[in-house]
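**Q** The sequence and its predicted three-dimensional model are supplied below.
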Amino acid sequence: MDQRPNWKLLLTPSMKVFVCLRMIQMLALLPGLWVAQALADSRLNGLQLPTGIVINEEAGRGGWWVVTLRLESGEDLPVIVDTGTSGTVLDKSLETKLGVPLATAVSQSWGVKQTNNVYAAPKLYLAGVPLVTGDPIVTSDLQISGRDGHPVLGILGYDILRHYCIQLDFAAGKARFLHDEMADTNTWGKAFPIVSLNNNDGRPSVAANLLGKDGPHSLIDSGYPSDGWLMPQYYKIWTNTAAKTAAGEARSPCGIFKGKKYALVSLDRNDVESDGIGLRFLARHLVTLDFPKQTIYLKCQSIGPLSDPGMRATPMPDLDALVNDLILQDTNAALGEQLKIEASHDSKFEKNVARILIGTLNDSPKPSPAEVAIGISRFPLGDARPELAEVGWLQPSANRIPLNAEIPSPLLDSGKIYATGLFAHSPSRYVFNLGGRWRSLRGWAGLHTSFQPYAYGVVFVIKTDGQEVLRSPEIRGKKQVSYDISLKGVKTLELIVEQAESRNGGNWGLWLEPTLRR
């Protein structure tokens, strides 16, 4: 068996960091350091398991799953839990606590080689419980930080994780180390065999990929924050399929795993000899990784990617099924869900939101405000045809968020759910022909809830017949602007969103329920 840790790609939404851990040279004089297979299996009577393990909020939502280990000296070590790296790695800053190096290894980062030291594995504790170790570990200058900016001091690899049965419950935010011999596996979902990657690698994989193809092995990679990756030949098929969708949707079509369709799967290209399944995809499930029995169980909890906790404004559980159908682009199922909502005891607002969402599936031409019958006294701009519509990200969209991987829900969400509106990521501009037939425009504007903590800021501007009649202060966070604009005699209305700074990140502006009145 190849005992050398293999190279590994680590990815965050804001940066890509190679931590190549292929061991080029290991001294052959260390036979006593490799634990015998019977002991390495660790299925020992009375094996103590860690309890109370928390899944951090960003894990599966674009971030890593990070746990805190402890050295025997009592020092805490935040580490990434990474089934896709075969060997455990600690940061070079810890070398003084690891004793005398046993060997050297050559690692590579962006083509630059560096020599690293190999040490006997230290005692590592998780939640006060000693983990089963044995294989030597390597040190590397990781230079990795979590979303909170705190440095990550290690990567907990498959050499240790393979001894355990671990259940990841992202809905509850808990990880459970289980005695699989005594567990009721009927509650774990569908079982899939775990096989060794490429027969010789040793790391865990399944014989399928997120393109729906059986046969090629996909590495089960909890250290890969995105949904996964495809080898070049499959990535080409993926991008060709995506190109058939609308321009703004091409980045995130639906994926398929073992016959089941998942919405808004984001896959990268990777020039390696395997496909991969990452944490963002796993997080859609109750995941049980029974490594001793070489089985992974998946119980689907969300067909779309998880949103940041606490970022959804107003829970509307009865709309969830309809929303899922919309992001899967299943029109017939969405119509069926709308009929259920109409017949339910849901509020008038929820029923109205459902009707409007269904309306976004209708390709019928919309009237310009100048063409609306004079007997209609109020008319949402989300139902109007603009003369011009342009946005700085994705594509113009009315009464919903366009399909994308970053904000999976189509609901107009800015501190609460709004029924109608315009998607307006800066810089954006919507122009409407009013024909001088409307008296006023009322509504609100703000940032999408999911990006309120991250947006650099926007300025909302309204012009009538070319004259600026509203310029908001810089809008960041939860701040909104309301408007009540006189339109008497106005023929042309412009809604503009400018970026407040030179940087344009996270500026998901929304015109919220902008309504014309007679």
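**A** Thanks, I have the structure now.
**Q** before we move on, what SS does residue 338 have?
**A** Per DSSP: H, G, I helix; E, B strand; the rest coil, the secondary structure class of residue 338 is helix.
**Q** Any stretches of the stretch 101-250 of the chain with poor pLDDT?
**A** By pLDDT under 70, the weakly predicted segments of the stretch 101-250 of the chain are 107-112, 146-149, 199-200, 241-250.
**Q** distance of the nearest residue to residue 500 once chain neighbours are set aside from residue 472?
**A** Counting by C-beta to C-beta, 6 or more residues apart in numbering, residue 500 lies nearest to residue 457, which is 3.3 Å off, once chain neighbours are set aside. From N, CA and C alone the C-beta is placed, and that goes for glycine too. Counting by C-beta to C-beta, to the nearest Å, the gap between residue 457 and residue 472 amounts to 11 Å.
**Q** you'd agree residue 258 is up against residue 189?
**A** No: contact criterion C-beta atoms under 8 Å: residue 258 and residue 189 do not qualify, at 11.5 Å.
**Q** residues in contact with residue 458?
**A** By C-beta atoms under 8 Å, 6 or more residues apart in numbering, the residues touching residue 458 are 426, 447, 474-475, 497-500, 507, 509.
**Q** same deal with residue 282?
**A** Taking C-beta under 8 Å, 6+ apart as the criterion, residue 282 is in contact with 60, 168, 220, 222, 298.
**Q** Kindly state the beta-bridge partners for the closest residue to residue 414 other than its chain neighbours.
**A** Using C-beta to C-beta, 6+ apart and skipping the chain neighbours, the partner closest in space to residue 414 is residue 446 (4.1 Å). Beta-bridge pairing for residue 446 (DSSP bridges): residue 510.
**Q** again with residue 417
**A** Listed by DSSP bridges, the beta-bridge partners for residue 417 are residue 413.
**Q** same thing with residue 255?
**A** Here residue 255, judged by DSSP bridges, has bridge partners residue 262.
**Q** any idea how far it lies from residue 305?
**A** Residue 255 is 11 Å from residue 305, by C-beta to C-beta.
**Q** Give the residues shared as contacts by those two.
**A** Common neighbours of residue 255 and residue 305, using C-beta under 8 Å, 6+ apart, are residue 227.
**Q** circling back: now do the same contact list for the residue nearest to residue 414.
**A** Contacts of residue 446 (C-beta under 8 Å, 6+ apart): 414-415, 475, 478-481, 509-510, 512.
**Q** can you give me the helices for this protein?
**A** 37-40, 158-161, 232-243, 279-282, 320-327, 331-342, 348-359 (DSSP state H).
**Q** Which secondary structure element of the protein has the lowest mean pLDDT?
**A** Within the chain, confidence by mean pLDDT, DSSP states H and E is lowest for strand 16-19 among all helices and strands, at a mean of 34.
**Q** does residue 54 have beta-bridge partners, and which?
**A** Beta-bridge partners, per DSSP bridges, of residue 54: residue 174.
**Q** quick one, which of the helices of the chain is packed in tightest?
**A** Among those, helix 279-282 has the highest mean neighbour count (mean count of other C-beta atoms under 10 Å), at a mean of 27.
**Q** from what I can see residue 469 touches residue 441, true?
**A** No: assessed by C-beta under 8 Å, residue 469 is found out of contact with residue 441, at 9.5 Å.
**Q** Now for these two: what residues contact both?
**A** Joint contacts of residue 469 and residue 441 (C-beta under 8 Å, 6+ apart) are 462, 485.
**Q** which of these two has more neighbours?
**A** Neighbour count, other C-beta atoms under 10 Å: between residue 469 and residue 441, residue 441 has more, with 26 against 17.
**Q** Of all the helices of the chain, which one is nearest residue 407?
**A** Among the helices of the chain, helix 320-327 comes nearest to residue 407, with 10.4 Å by C-beta to C-beta.
**Q** could you say what helices and strands that closest one packs with?
**A** Counting contacts by 3 or more C-beta pairs under 8 Å, 6 or more residues apart in numbering; DSSP states H and E, helix 320-327 packs against helix 331-342, helix 348-359.
**Q** okay, and for the protein, where does confidence drop off?
**A** 1-46, 107-112, 146-149, 199-200, 241-253, 307-316.
**Q** Now do the domain split for it, please.
**A** Residue ranges of the domains in the chain are recorded as 8-163, 187-300, 366-517, according to automatic domain parsing.
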